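Q: Next comes the sequence, and after it the predicted model I'd like to discuss.
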Amino acid sequence: MSWSNVLLIFRREGMDQLRDRRTLFMVVVFPILLYPIIGAGVLQFAAALQEKPRRVVVVGAERLPKEPALLAPEGEGFNPSLFDSPAEAARLTVERRADAGEWANPAFREEAVRDGDASAVMVIPADLPEQFAARADVAIPIHYRSVDETSKITYLRLREALDRWKAGIVEERRKGDKLPEGYARPIEVRGLDAATTQEIGGSVWGRIFPFLLVLMSLTGAFYPAVDLCAGEKERGTMETLLISPAGRAEIVVGKFLAVLAASVTTAVLNLVSMGVTGLQLARRATAMGGGDPAREAAAALAPPTLQSALWMVVLLIPLAAFFSAICLAVAAMARSMKEGQYYMTPLYLVCLPLIFLTMAPGIELNAFYSLVPVTGVALLLRALIVGDYLTAFRFFVPVLLPTVVYAWLALRWAVDQFSDENVLFRESERFSLVPWIRGVIRDRGPRPTSAQAVLGFALIITASWLFAQVLLTTGLGGIGVVAAGQGVILLVPLVMAFLLTTDPAGTLRLRGAAGRYFAIGAAAAVAVKPLSAEFERLVQWAYPISDATRSVFESLLKGDTPLPLAILVFALVPAVCEEVAFRGFILSGLQSGRRTRSAIVLSALLFGLLHVFLSLFQQFFNAAILGVLIGLLAVRSRSLWPGVVFHAVNNGLAVATGAWIGLLQRAGIAGWVYRDAEDGLYHVPWVVAGAVVVAALVLHLWKFDRRDVGEAG
Amino acid sequence: MILVEHLGKSFHDARRGWVEAVRDVSFECRPGEIFGLLGPNGAGKTTTLRTLSTVLKPTEGRAVVAGYDVVEHPEEVRRRIGFMSAGTGIYDRMTAWELVEYFGRLYGIPKDALRDRMEAVFAWLRMDDFRDVLGSKMSTGMKQKVSIARTVVHDPPVLIFDEPTSGLDILVQRTVLDKILELRDMGKTVVFSTHSMSEVERLCSRVAVIYRGRLQAQGPIDELLAAHGQPNVEELFFALVEKADAEYEAAGAGAGAAS
C-alpha cells in the first residue's frame, strides 16, 4: 500500500468535506449551536416554571388552630416555616373558602380540581377543634388529580407541609405533657454523602455524556461516509477514482481516514460545546437560586476534569474508527445519497441498545461488557467521567484492544466491499420475492456464497434460540432434548446445502479422506488437551463463571447419565452436527472469493460465537482456537470426517475427564500426569509436549500439505 | 498495445440469472491508430472498455493493455492508460487545476514535472481561463475539457474514450474529436467507442461493429464496406444489425445482451 496515495486521497476527501456545506453544518456548526440553544431553552423553561404559584383552596380555614399555624397569619399563603425555604412556600397560594354553599359539596370541590380552578382542595373538617382538644385524630381530605402533573406535585407539597405541621402538633402535645424531647421523635436520620462535588457532577454527566458521545461519533461518521461513497457514485466520480493507479485498499483507507477525522471532530466538538454550556448553566443556577437545590444543580453540572476529557478522546478514536469503517462498508452498497440514508436506521437500531446500557442503573463495566462492541467503550467512558479511575485503568486495555480489532475487521470488510464490482456497479433492478428466490435456486453454483454462509449461521442461531424458547414454555428437558438441539444445528446446513447448491455432498465435504488425516485429527485432539486445559483456566480467571451457571452445567454432565450415553450425546452428536454446519456449509461458503486463511479464521470466529449464543460466553476462546485447527484439517483433507474425529475426541475427553482421572487415581498414577487432578491441569512437561506436537501438526498441514503437494503424493 | 482475446463478461441478474453482456470479443489496436468500437446503446461497448480499464474483471478470455494483463497486473495497466467515459465525472467541489493536479499526483508524477506538464496540457486544451473554477460551476464543455486533461495528464501510451461526445453540443464535439486526432498523431494507441457513424468515418482507421454483446465485423472501413457491399458506414451498420437479429431469431432464445 502506498501511503503517499492514502495521504493524497485523505487530504482530497477531507477538503471535499470541508467544502460541503451540509457536512460542515452537521459536523461543526450543529454541535456548536445545539447545546447553547438547549441550555438557553432550559433556563427559560426553569424561569417560566418558577414564576407560577399553584392555587390551593382551603375550605373551612377558620377552624384551624392558632398554634401551630398551618397558614400564614396574613396574606394568601402557608406558614413559611413548614417549607424548606420561603421561596418554596411562595409556590403555593391559599384561597380561603367557608365550608358553606357550593364549596360544601364534595362534587363541586372535585369539579374545581378537574377544571383546573384549583390545583388541590383541602377540607378542614368541622370537628377539627373538638378532636384536637380531645387529642383524637382527624382526617383532612385533599382533592387532587393524579394524572395532572401540577395537581399531583401540589398534593405532594401539601403532604410534606402537613407532615411538618403534624410534627409541630405532636411537639405541642409533648410539651404540654412534659415528656422528654425524644418522645415523639425517637430517631433522626442524618445522611452523610461521601461523594465529592466532582463525583456528583460525574454521575449526571456519566449517564448523558457517553450516550451522546457515542451517538455523535456515529452520526459524524455516517454523513461523510454516505457522501464519500454513495455521493461519489451519484455524482459519477467513483469510476474516475477507480481507474486511477490508486489501489482499492488505498482508496478505502484514504476515505476511511477522512470519515474518521469527521467523526472524531464531531464528537470532540460536541464534548466541548456540551461542557461549556453545562458550566454556564451551573453558574446561572448558582447565581439565580442561592438555595440548596441551586447549589446541587451547579454541582451536578460541573464538567469532568481535563484529565478524564483527554482519556475520553483517546478512547473515542478507536470507537470512531469502528463506526467509520462500518459506515463506509455500508455506504459502499448504496447507489445514491438517498439510498445511503435508508441504511442509517438499521445502523442506529443496532447501536442504540448497545449504548442504552450506560443509562441503565446497576450496569458496571466487566470483562464481558469490555468485549461487546460499542458498549465496552461507552461504559469505560462513563467510568472515566464519573472519576472511577480504578475501573477505568483496569479495563482500558481490555476495552481498547477488542475495539481496535473490530475496527480493523470492519475496515477489511470495507475494502472487500470496494473490491467487489457487484457492489460498486450495482444497477437498480426490480425486486420481487418469488422470482428472486426462484432465481437463487435456479442459478445456484456448486458451493454456497459467503452471504449464504453467514445467513446459515444466523439461521442456526435463531432456530436454536427458538427451539430453546419452546422447551422453556413446554418444560421439557433432559438429555434427549440436548441431542434434539444439536439436530437443529444439523438441519439448517443440510437444507441450505440441498436447496442452494448443485453439489451438496461436496459443499458439506462428505467424501472420505486418507487415513493419515484421521490419525492427525485424533492425535491433535489428544495433544491439544493439556494446552486447552491451561487456556480454559486462564479464561476462567479473567472471566469467572458464576456459581449458578456452573452448577447448571455440571448437573447436565454429571447426574446419573451413564458414561457411554454422555459420550454419545455430548461428544459424538455435536461432533457430527457442528462439523456439518461449520466446517461443511459455512466454511465452504466463506471460501468462495476469499483466501483460505481468512475463510478458516472467519468460520472459527463464527464457531466461537455459536458457543457465546448457545452455551457459555467463556467457551468462545477455546472454540475459536479449536475451530481454526479443525478448519485447517477440513480444508487440507477436503473431508469433514477427520474434523469429526477431532471434535468427538476433544469433547469425549472433556466428558470422560472425571471417570478417567478417577481411574488414574485408583491406579495411583494420576500424580504423574496431573499437577492438579481436581481441575484437570497437567504437569508442565505434558503441556509443552502437547504444544510441540500441535505446532508440528499445524505446520505440517499448513506448509507441507498444500493441495499441490498433497495431489503429487 | 491493446490485445483482446475471446473476452467475455457475464453478470448475475436476480430475474434473468447469468446474462452475457459481452461474448467472445477479440481485437487488437496499435500505436498511432484510432480503433473504433461502433454499436448502439447496450451493445456491450462500455462493458468491454471497463474491462480494459480493469474496473471489471472478465469472466472469459483475456486482455493485455500496454504489455500487462488486466487481471494479473491491474495497477500497472491503470498507470499506463487514460480512460474517459460517461461514468468518469469530475468532482464538484474541486477546481479544474486541483482536480488535474490530484490525479497527476496519484499517477506519481513529481511536483515540478507535474506543474510543467499541467501548464502544457492546460495550454493545449485552452483551459487557462477556468483554472480556478469549481466543477459545480463549469459548463458541460469545460467539464469535458477537464476530463480530457485528467485523462492525458500522465502522458499515457494508451487512451480509451467511451462515447466522449455524447450529450455535447457541436462546438465541443468538434474540439473533443480534434484533440483525439491530435493524440493519435502523437503516436498514442486510441480506442474510441461511439454510436455515431460520422465520427467513425472521420476518426477511425479500423472499426469493429458490436451488437448484442458480440463483434459482428471488424477491419479497415473501406475493406469492410467492400466485403459487405455497402456504400457507407451507416448502411454497413444496419446490414450487420439486421443479420445479427436474424441469426438471433433463428437461434431461438439464447443469450441476450446488456451492458
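A: Great, that's in hand.

Q: State the number of residues packed around residue 229.
A: As the question left the chain open, I've gone with chain A. A count of neighbours around A:Cys229, defined by other CB atoms under 10 Å in any protein chain shown, yields 30. Where you see a C-beta, it was placed from the backbone N, CA and C, and this is true even at glycine.

Q: ah, I was thinking of chain B
A: 9.

Q: next one: A:Trp672
A: 10.

Q: Next secondary structure after the helix or strand containing it?
A: Secondary structure from DSSP states H and E places A:Trp672 in helix A:670-673. For helix A:670-673, the following helix or strand on the C-terminal side (DSSP H and E) is strand A:674-676.

Q: Point me to the residue of chain B nearest chain A.
A: B:Gly89 (3.2 Å; CB to the nearest CB).

Q: for the helix holding A:Trp672, packing partners?
A: Contacts defined by 3 or more CB pairs under 8 Å, 6 or more residues apart in numbering or on different chains; DSSP states H and E place helix A:670-673 against helix A:641-667.

Q: got the buried residues for the helix or strand hosting B:Arg62?
A: Element membership for B:Arg62, per DSSP H and E: strand B:60-65. If you call a residue buried by 16 or more other CB atoms under 10 Å in any protein chain shown, then strand B:60-65 has these buried ones: B:61, B:63-65.

Q: and chain A, which of those reach it?
A: Among those, no residue lies close to chain A (CB under 8 Å from any CB of the partner chain).

Q: Export those residues as JSON lines, with columns for pLDDT.
A: Output for the buried residues of strand B:60-65, formatted as JSON lines (pLDDT from 0 to 100):
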{"residue": "B:Gly61", "pLDDT": "92"}
{"residue": "B:Ala63", "pLDDT": "94"}
{"residue": "B:Val64", "pLDDT": "94"}
{"residue": "B:Val65", "pLDDT": "93"}
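
Q: of all the residues you listed, which two lie farthest apart?
A: The distance between the two most remote of the buried residues of strand B:60-65 (CB to CB) is 13.5 Å, for B:Gly61 and B:Val65.

Q: Get me the contact residues on chain A for chain B.
A: Residues of chain A lying near chain B (CB under 8 Å from any CB): A:5, A:8-9, A:12, A:15-16, A:19-20, A:235-240, A:242-247, A:421-422, A:424-425, A:429-431, A:435-436, A:439-440, A:442-443.

Q: try it again with 7 Å
A: A:5, A:8, A:12, A:16, A:19-20, A:235-237, A:239-240, A:242-247, A:421, A:429, A:435-436, A:439, A:442-443 (CB under 7 Å from any CB of the partner chain).

Q: if I look at the residue nearest to B:Val190 when sequence neighbours are not counted, how far off is A:Ile124?
A: Using CB to CB, 6 or more residues apart in numbering or on different chains and skipping residues adjacent in sequence, the residue nearest B:Val190 is B:Ile34, 4.4 Å away. Distance of B:Ile34 to A:Ile124, computed by CB to CB, to the nearest Å: 107 Å.

Q: And these two? Which one has more around it.
A: A count of neighbours by other CB under 10 Å puts B:Ile34 above the other of B:Ile34 and A:Ile124, at 23 against 20.

Q: contacting residues for the more buried one?
A: Going by CB atoms under 7 Å, 6 or more residues apart in numbering or on different chains, B:Ile34 touches B:180, B:184, B:190, B:192, B:203-205.

Q: hang on, isn't B:Thr140 packed against B:Leu168?
A: Yes - using CB atoms under 7 Å, B:Thr140 makes contact with B:Leu168 at a distance of 6.3 Å.

Q: Between these two, tell me which one has more neighbours.
A: Just comparing B:Thr140 and B:Leu168: by other CB under 10 Å the higher neighbour count belongs to B:Leu168, 17 against 11.

Q: ok, then the element right after the helix or strand hosting A:Asn422?
A: Using DSSP H and E, A:Asn422 sits within helix A:421-424. For helix A:421-424, the following helix or strand on the C-terminal side (DSSP H and E) is helix A:433-442.

Q: what separates that following helix from the chain centre, distance-wise?
A: Its chain's average C-alpha position is 36 Å from that of helix A:433-442, according to CA atoms, centre = their mean, to the nearest Å.
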